[in-house]
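Student: what shape does this take:
(one chain, ligands or ions: 1)
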Amino acid sequence: MSASSIRVRFAPSPTGMFHVGGARSALYNWAVARQSGGTFVLRIEDTDTARNRPEWTQGIIDALAAIGISADDPAFEGPYFQSENAVRHREAALRLYAAGRAYYCDCTREQLKERTGSEHLGYDGFCRERGLEFAEGRALRFRTPDEGETVVEDLVRGKPIFPNAAIEDFVISRGDGSPVFLLANVVDDLDEGITLVIRGEEHLSNTPKQQLLWEALGARPPVWAHLPVIVNEKRQKLSKRRDKLALEDYLADGFLLEAMVNYLMLLGWGPGDDREIMPYEEMEQLFRIENVNSSPAFFDVKKLTAFNGEYIRALSTEAFIAACAPWLSAPRAPWRAEAFDADVFAVMAPLAQTRLTLLSEITGYVDFLFLDEPVSDEASWAKAMKPGAADLLRDVRRAYAGATWQANELKSALTAVGENHGLKLGKAQAPVRVAVTGRTVGLPLFESLELLGRERTLARLDAALLKLLPN
Ligand code: GLU
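Tutor: Residues are numbered from 1 along each chain as shown. Below you'll find the predicted structure:
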């Protein structure tokens, strides 16, 4: 693939956890850069000093690396820090002022409201012709054209048209001389030679203003691509308050990175055939930014969970065991560290692997092996311990005391006891399973018993009998 001049960027503000919307923007930018032999620039927009924290910046870099956007890849450039370009932002503001494209303004919000009757109508141009010079407290406003229109070339939305008369004379630097986001973002894009801006839809309304700035600074604006908003099952825009947003939180719940990346790529785009589960490398080749849909993308946690199950099943046993590791020790594991036995776990792992949709579910499947006593769950107990359960368990206990300790033998023994009680195997298993594992569902019962061993199995049957027949 020949190197191209396509330069895209991902420009997060380090003001919080790295979330799924940001991850999707980053992945789409990455796919475009990589498939075209272009460049992906990482720019940290760290000018909001009140809200920035250095650890968020490292968090972004680590999260990008985790989803495959590696700073070591030749397509990767940066990170650049917006704060380091502050002089250029000020220069640009002054250049616009010197060229008559911007003017100083000393209007207060109250004055504007008094004149226009509302806070929401935008600036009325009061200071346009007043010829104010710089003074502390005076903002610099961009003089937008009164006529004509600004046509944004957007690869996702077509060509949205904004009549210039409707674009207010917006502030480009504040009363203390510090540039606002609109300007700093444009100056950086310009300095970094960005040719295509792929970002969230919430920035679409900034775009005509930014495009006017590009033109006023004597440069050709980039092409834009505004990605659809991501919504929850109630069709509400995902929000910090309502929804789980941080990539880290999904991983902590037991989602695999590969499944997350696969699913995030589909939030607004699809490979076009019936396949949805596809490794990133393949998607990277098929992805076309022009084919991104502009309608809201539904973040369907159920679908993501189903994807995750598929990804878990596709792992090798070894990789599955490695992926489970964080759940098998403190603080996540409910058992004492000494009680865990990696060899025992390795026997059960392939059986668990076919059943999990989230890695975090692993502890519930294997805890009976490592806890001193099975978990106590009253609902499971009530469901399994119907009248007659005690008699059945007593007979099972008797049979198991002398049985060969091997899954098939244990199964035959329980089948025989069940028959004596007029119960099919499925029904006869339920009280045994709850007595031994604490739960009504779980891994294949007889393999579980074999692994748990005679002594502990009998002790648990005894404990259950004691609970059923205290006297
Ligand atoms: N720092 C802005 C944000 O995180 C980036 C805007 C852009 O991509 O142009 O929303």
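Student: got phi/psi on residue 379?
Tutor: Backbone torsions for residue 379, taken as degrees, to the nearest 10, come to phi -60, psi -40.
Student: name the next helix or strand downstream of the lengthiest helix in the chain, please.
Tutor: Criterion DSSP state H: the longest helix present in the chain is helix 20-36. Using DSSP states H and E, the helix or strand that follows helix 20-36 towards the C-terminus is strand 39-44.
Student: now that next one: average pLDDT?
Tutor: The average of the pLDDT scores along strand 39-44 is 98.
Student: quick one: list the elements packing against whichever helix or strand comes after that strand.
Tutor: Downstream of strand 39-44, the next assigned helix or strand under DSSP H and E is helix 54-66. Contacts defined by 3 or more Cβ pairs under 8 Å, 6 or more residues apart in numbering; DSSP states H and E place helix 54-66 against helix 20-36, strand 39-44, helix 247-252. All C-beta spots, glycine's among them, are computed from the backbone N, C-alpha and C.
Student: report the distance from the second one to the chain centre.
Tutor: Averaging C-alpha positions (Cα atoms, centre = their mean, to the nearest Å) puts strand 39-44 20 Å from its chain's average.
Student: okay, angle between it and helix 20-36 too, please.
Tutor: If you take axes from the mean of the first three to the mean of the last three Cα atoms, to 10 degrees, strand 39-44 sits at 150 degrees to helix 20-36.
Student: so what strands line up beside strand 39-44?
Tutor: Take DSSP bridges as the rule and strand 39-44 pairs in its sheet with strand 7-10 (parallel), strand 76-81 (parallel).
Student: show me what from the stretch 101-250 of the chain comes close to the ligand.
Tutor: 185, 199, 203 (Cβ under 6 Å from any ligand atom).
Student: one step back: any idea which of the helices and strands packed on helix 54-66 gets closest to residue 393?
Tutor: Residue 393 lies closest to helix 247-252 among the helices and strands packed on helix 54-66, at 38.6 Å (Cβ to Cβ).
Student: buried ones in that closest one?
Tutor: For helix 247-252, a neighbour-count test (16 or more other Cβ atoms under 10 Å) marks 247, 250-251 as buried.
Student: buried ones in the lowest-mean-pLDDT helix or strand in the chain?
Tutor: Sorting the helices and strands of the chain by mean pLDDT, DSSP states H and E puts helix 54-66 at the bottom, at a mean of 90. For helix 54-66, the neighbour count (16+ other Cβ under 10 Å) marks 56-57, 59-61, 63-64, 66 as buried.
Student: which one among these gets closest to the ligand?
Tutor: The ligand has its nearest neighbour among these in residue 60, at 10.2 Å by Cβ to the nearest ligand atom.
Student: which non-adjacent residue is nearest whichever residue of the stretch 351-471 of the chain sits closest to the ligand?
Tutor: In the stretch 351-471 of the chain, the residue that lies nearest the ligand is residue 358 (29.4 Å; Cβ to the nearest ligand atom). Nearest non-adjacent residue to residue 358, counting by Cβ to Cβ, 6 or more residues apart in numbering: residue 254, 3.6 Å away.
Student: so what's that neighbour up against?
Tutor: Contact partners of residue 254, counting by Cβ atoms under 8 Å, 6 or more residues apart in numbering, are 308, 327, 356, 358-362.
Student: again, but for residue 360
Tutor: Listed by Cβ under 8 Å, 6+ apart, the contact set of residue 360 reads 252-254, 327, 332.
Student: confidence score at it?
Tutor: 97.
Student: hang on, residue 310 packs against residue 278?
Tutor: No. The pair residue 310 and residue 278 does not pass the contact test of Cβ atoms under 8 Å, sitting 11.0 Å apart.
Student: residue 470 in helix, strand or coil?
Tutor: Secondary structure, DSSP: H, G, I helix; E, B strand; the rest coil: residue 470 is coil.
Student: from residue 390, how far out is it?
Tutor: For residue 470, the distance to residue 390 (Cβ to Cβ, to the nearest Å) stands at 11 Å.
Student: count the neighbours of whichever residue of the stretch 51-200 of the chain sits closest to the ligand for me.
Tutor: In the stretch 51-200 of the chain, no residue comes nearer to the ligand than residue 199, which is 3.5 Å away by Cβ to the nearest ligand atom. When neighbours are defined as other Cβ atoms under 10 Å, residue 199 has 23 of them.
Student: what's next to the helix or strand that contains it, contact-wise?
Tutor: Per DSSP H and E, residue 199 falls inside strand 196-200. Defining contact as Cβ under 8 Å, 6+ apart, one finds that strand 196-200 is touched by 6-9, 11, 21, 25, 28-29, 32, 155, 189, 222-227, 229, 289.
Student: quick one: stretch 236-248 to chain centroid distance?
Tutor: Mean C-alpha position of stretch 236-248 versus that of the full chain (Cα atoms, centre = their mean) differs by 9 Å.
Student: show me what the mean pLDDT comes to for it.
Tutor: 93.
Student: before we move on, back to that, closest to the ligand out of the contacts of residue 360?
Tutor: residue 252 (23.2 Å).
Student: separation between the closest one and residue 327?
Tutor: According to Cβ to Cβ, residue 252 and residue 327 sit 10 Å apart.
Student: same thing with residue 119?
Tutor: Taking Cβ to Cβ, one finds residue 119 at 52 Å from residue 327.
Student: neighbour count for the two, which is higher?
Tutor: residue 327 (18 against 10).
Student: starting at the chain centroid, how far to the one helix or strand residue 172 maps to?
Tutor: For residue 172, the host element (DSSP H and E) is strand 171-173. Offset of strand 171-173 from its chain centre (Cα atoms, centre = their mean): 33 Å.
Student: gap between the longest helix of the chain and the chain center?
Tutor: On the basis of Cα atoms, centre = their mean, helix 20-36 sits 14 Å off its chain's mean C-alpha point.
Student: closest residue of the stretch 301-450 of the chain to the ligand?
Tutor: Using Cβ to the nearest ligand atom, the closest approach of the stretch 301-450 of the chain to the ligand is made by residue 304 at 23.2 Å.
Student: what secondary structure does the closest residue to that residue other than its chain neighbours sit in?
Tutor: The shortest distance from residue 304 to any non-neighbouring residue, by Cβ to Cβ, 6+ apart, is to residue 263 (4.7 Å). What three-state DSSP gives for residue 263 is helix.
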